[in-house]
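Engineer: Predicted coordinates and the sequence they were generated for:
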Amino acid sequence: MIVVDIEMSGTDILKNGIWQIGAIDTDDPEKYFLDECRIDDDEETDDEAMSACNFTEERLRDKNKQSQKELLDKFFTWCEYSKIKNCICQGPQVDTAFLKAKASKHNVKYPFHWRAFDLHSMASLKYKEIYGHILISDNHSDMSLAKIIFFCGMKDNRTGHNALEDAKLTAECFVRIVYGKKFLKEFEDYEIPAYLQQIGEIKC
């Protein structure tokens, strides 16, 4: 399965564009993808998104960078040899929706099955199983990736936005929650909490 994270110039699928894609294959932790592009001329940037990423509009419109279509072509080609064509995302309602919309816009064949694995939901249900309730704040779910990382026994050391870093963290949390085991070498020093451990060998 492909764990994917994207960075966008905002959250509106119709107005904003993708500028970075990061991904890792759960069947081969050595197989990963990270690349950037410029957003399309007809796409907008959102001030809040730019502030969160600490990026300028000039960087996202850099003509020296490949086009969004070229990035999608490259990423989808990278995905061709993956055994399972389902995505795993922290929030597939955003990531896969953007990828599919931009693939349609640029007439690029979308390679993934319509079903995707949602880390946010899995973590929320596992949390409820252990603590008896779902994390809610301001009338909506409060189970962010940062809280999932902590729930899975790790520290959130991110200092900025990087799609591959988020994809790797999502992959590690997914494997810990679903299989009760570690996945990537860079997180092996973080022990799995007892409430996520499972007995016996389970192959990912």
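Structural biologist: Nice, thanks for sending it over. Numbers count the residues shown, from 1 in each chain.

Engineer: what's the single longest helix in the protein?
Structural biologist: In terms of residue count, the longest helix belonging to the chain (DSSP state H) is helix 163-179.

Engineer: Can I get it in CSV? Just the C-alpha atoms.
Structural biologist: Below are the C-alpha coordinates for helix 163-179, written out as CSV (Å, rounded to 0.1, in the frame of the first residue of the first chain):
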residue,chain,number,x,y,z
ALA,A,163,5.4,15.6,2.7
LEU,A,164,7.8,12.6,3.0
GLU,A,165,8.4,13.2,6.7
ASP,A,166,4.6,13.2,7.3
ALA,A,167,4.2,10.1,5.1
LYS,A,168,6.8,8.2,7.1
LEU,A,169,5.2,9.2,10.4
THR,A,170,1.8,8.2,9.1
ALA,A,171,3.2,4.8,7.9
GLU,A,172,4.9,4.2,11.3
CYS,A,173,1.7,5.0,13.2
PHE,A,174,-0.4,2.9,10.9
VAL,A,175,1.8,-0.2,11.4
ARG,A,176,2.0,0.3,15.1
ILE,A,177,-1.8,0.6,15.5
VAL,A,178,-2.8,-2.1,13.0
TYR,A,179,0.0,-4.6,13.5
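
Engineer: And for the lowest-mean-pLDDT helix or strand in the chain, what's in contact with it?
Structural biologist: Lowest by mean pLDDT, DSSP states H and E among the helices and strands of the chain is helix 47-53, with a mean of 75. The contact list for helix 47-53, computed with CB atoms under 8 Å, 6 or more residues apart in numbering, reads E7, M8, S9, G10, T11, N16, T56, E57, G160, H161. C-beta coordinates here come from the backbone N, C-alpha and C atoms, glycine included.

Engineer: can you put these in a markdown table and add secondary structure and neighbour count?
Structural biologist: Listed next are the contacts of helix 47-53 as a markdown table, based on DSSP: H, G, I helix; E, B strand; the rest coil; neighbours: other CB atoms under 10 Å:
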| residue | secondary structure | neighbour count |
| --- | --- | --- |
| E7 | strand | 21 |
| M8 | strand | 24 |
| S9 | coil | 23 |
| G10 | coil | 17 |
| T11 | coil | 12 |
| N16 | strand | 20 |
| T56 | coil | 11 |
| E57 | helix | 13 |
| G160 | coil | 9 |
| H161 | coil | 15 |
